[in-house]
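# From the sequence below, what's the structure:
(one chain, ligands or ions: 2)
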Amino acid sequence: MVEVASALTIAGTDPTGGAGIQADLKSFQEREVYGMSVVTSVVAQNTLGVDDIYNLPVSFIEKQLNSVFQDIVPNAVKTGMIATVEMMEMVATVLKKQSVDYVIDPVMIAKSGHSLMEEPSRKVIREVLVPLATVVTPNVPEAEILVDFKITNTDDAKRAAKVIVTELGAKSAVVKGGHLMGEAIDVLYDGENFHYFKSARTDTKHTHGTGCTFSAVITAELAKGKSVVDAVATGKQFITDAIHYTLGVGKGNGPTNHWGYRLKGLPNQIRRR
Ligand SMILES: Nc1ncnc2c1ncn2[C@@H]1O[C@H](COP(=O)(O)OP(=O)(O)OP(=O)(O)O)[C@@H](O)[C@H]1O
Ligand SMILES: Cc1ncc(CO)c(N)n1
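Ligands and ions are numbered 1, 2, ... in the order given. Now for the predicted structure:
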């Protein structure tokens, strides 16, 4: 028998496997963490966009959570797409009873521009879920909604990360720089200090599910007992390789390569059959 850490993702689905729960489970697996998932919404989507969304009844999401927590209490939990206010309130009630590390990826709008969170939930997430978080991982548009000001550079991202901690009550926040220009710089505020995670920007349109993957790796590392700073550093390295060693799958904005890190130092020449 091996001792293993476990992580749970509470999120929506992507049947083409690049984002949502599918990306989370692939990331947990690569980081050698036992992965579990509770589905909130079933999403008909692919690399071209979102076709439709089916929100599961809140009572059934709660049943799934009870099934997990009665059996295998995860070492860390991540939430991704939580579309409605009712879902958020139920998830908050369940998580308040647990003392596990909690990563919020405040998924609001897919890269294709489709909304994955109902309008009223955007305000509620910051009141109901953000105060429970060990780490919040917004991209720039999501951070703008959480803090109510525009973010156009790394200084604005710093200010936003600090507001999410000092005013909204999260333990730490990392504002991702994927939507800014120049180097891809993510800014973490951990309640005391700022930390910067930088990489060159890969010139690619294949960034479907980057945020899901990044936050899932952070969750996996926290599950293993790593510090927030170390977890974010690993997340950044993992997603940089996953974007660099792109797969060329899909007709639109393709997914990342969850085993890209294993190809480090090799020429990028993956071929599809
Ligand atoms: N072109 C790129 N080259 C290198 N790193 C990138 C690029 N785009 C994004 N990143 C990195 O990927 C991670 C995710 O950032 P991003 O802002 O894309 O998340 P997101 O918008 O939430 O993703 P999604 O909504 O598709 O899941 C961050 O670490 C960011 O710095
Ligand atoms: C289910 C789901 N969660 C998150 C995203 C954002 O990438 C997506 N496209 N789909």
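# Pro131: what secondary structure?
helix (DSSP: H, G, I helix; E, B strand; the rest coil).
# Which residues does the top helix by length along the chain contact?
As assigned by DSSP state H, the longest helix anywhere in the chain is helix 228-244. Helix 228-244 is contacted by residues 27, 30-31, 134-135, 171-172, 174, 184, 186, 188, 190, 195, 197, 199, 202, 204, 206-207, 210, 213-215, 217-219, 221-222, 226, 256-258, 260-261, 263-264, 268 when judged by Cβ atoms under 8 Å, 6 or more residues apart in numbering. For the C-beta atoms, the positions are set from N, CA and C on the backbone; glycine is no exception.
# ok, 7 Å please
Defining contact as Cβ atoms under 7 Å, 6 or more residues apart in numbering, one finds that helix 228-244 is touched by 134-135, 172, 174, 186, 188, 190, 195, 197, 199, 202, 204, 207, 210, 213-214, 217-218, 221-222, 256-258, 260-261, 264, 268.
# buried subset of those?
When the contacts of helix 228-244 are checked for burial by 16 or more other Cβ atoms under 10 Å, the buried set is 134-135, 172, 174, 186, 188, 190, 195, 197, 199, 207, 210, 213-214, 217-218, 221-222, 256-258, 260-261.
# Tabulate the CA atom coordinates of the worst-scoring helix or strand of the chain on mean pLDDT in CSV.
When the helices and strands of the chain are scored by mean pLDDT, DSSP states H and E, helix 121-128 comes last with a mean of 93. Listed next in CSV are the C-alpha coordinates belonging to helix 121-128 (Å, rounded to 0.1, in the frame of the first residue of the first chain):
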residue,chain,number,x,y,z
SER,A,121,-23.7,34.7,-8.5
ARG,A,122,-20.8,37.1,-9.4
LYS,A,123,-21.5,39.2,-6.3
VAL,A,124,-22.5,36.3,-4.1
ILE,A,125,-19.2,34.3,-4.7
ARG,A,126,-17.2,37.0,-3.0
GLU,A,127,-19.5,37.1,0.1
VAL,A,128,-20.2,33.4,0.4
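# That one - contacts with which helices or strands?
helix 85-96 (3 or more Cβ pairs under 7 Å, 6 or more residues apart in numbering; DSSP states H and E).
# other SSEs contacting whichever helix or strand comes after the helix it packs on?
Remark: after helix 85-96, the chain's next helix or strand is strand 101-104, criterion DSSP states H and E. When contacts are defined as 3+ Cβ pairs under 7 Å, 6+ apart, strand 101-104 packs onto strand 76-79, helix 210-223.
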